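> One predicted model, sequence on top.
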Amino acid sequence: MAATLTAVLPGDVIPSDALPQGTGKKKTLTLGPGLRHLPPNTVTATVAGALVTDSKKNAAIVEYNSGRYLPFAGDLVIATVSGSAAENFSCFLTPNTPPATLPHLAFEGATKKTRPQLPPRSLVYCRVASAGRDSAPELTCVDPSTGKSEGLGPLKGGMLFSISLGMARRLLAPKGDLPLLGALGAKVGFELTVGRNGFAHVDGGNVKTTLAVGRAVQEVDERALGESAQKKLAAEVLKNL
């Protein structure tokens, strides 16, 4: 999200001026996980975390460190294909979330004849198109306003690494780059794709580099390393490559 952040606690009433004010077609406020609407006009927090608002989408959500990912429309996720039906791929986002659907035609330029062939265990970088309590999340690999992939689609090669939801949010933030990645990227080439559902896909061009970068990101995550420690870790990784 292109967002502003405010710390909140369970039960806090969210002031109306802290929520986005919709304009044009986006007049209805969308509340994500961590927020509850109490009629007629009260919004409260249900968890402790950071209130994140997106004026463009007229949406709000509370970001918090939990062991379970909750799909929210607009999230960038890495999905694992589990099977294919007549019109959709069935995908897993995490072991704890219901299967999501990815339409065969939800890819740039896809038609019934040119739709991608994705066998089970294929990885796909997607955006959550819709998510509700009573329905399976639906995914897409195109921007609805342009019909373009905008970097979404099947992930080929590389390896998948588990990271915390907090690390995923950090990496996806507008200025969420890690000093580790800057130091490594100055010396070796690699591609990093981050899913809001707690996954990072790394492709370093070869197994050794891919493993080294992925495990280094996990180490920063697990040990909560600061800037100096990250740069030291980067030097160690580069020495062994």
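Right, received. Where do you want to start? Numbers count the residues shown, from 1 in each chain.
> In contact with the residue nearest the centre of the chain, which residues?
The geometric centre of the chain, computed from its C-alpha atoms, lies nearest to Arg196 (C-alpha atoms, centre = their mean), at 2.0 Å. Going by C-beta atoms under 8 Å, 6 or more residues apart in numbering, Arg196 touches 69, 75-77, 165, 168-169, 172. All C-beta spots, glycine's among them, are computed from the backbone N, C-alpha and C.
> Quick one, which of these are buried?
Among the contacts of Arg196, the ones that count as buried by 16 or more other C-beta atoms under 10 Å are 69, 75-77, 165, 168-169.
> What lies in contact with whichever helix in the chain runs longest?
What stands out as the longest helix in the chain, according to DSSP state H, is helix 207-223. Defining contact as C-beta under 8 Å, 6+ apart, one finds that helix 207-223 is touched by 158-159, 161-164, 166-167, 178, 180-181, 184, 188, 190, 192, 200, 202-204, 225, 229-230, 233-234, 237, 240-241.
> Quick check: next helix or strand after that helix?
helix 227-240 (DSSP states H and E).
> so what are the domain limits for this protein?
6-63, 75-155, 159-240 (the TED database).
> Would you convert those domains into a markdown table that also reports mean pLDDT?
Formatted as a markdown table, these follow (pLDDT from 0 to 100):
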| stretch | mean pLDDT |
| --- | --- |
| domain 6-63 | 81 |
| domain 75-155 | 91 |
| domain 159-240 | 92 |
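> how close does the residue nearest to the centre of the chain get to Arg169?
7 Å (C-beta to C-beta, to the nearest Å).
> Over to Thr193?
15 Å.
> ranges for the helices of the chain?
165-172, 179-185, 207-223, 227-240.
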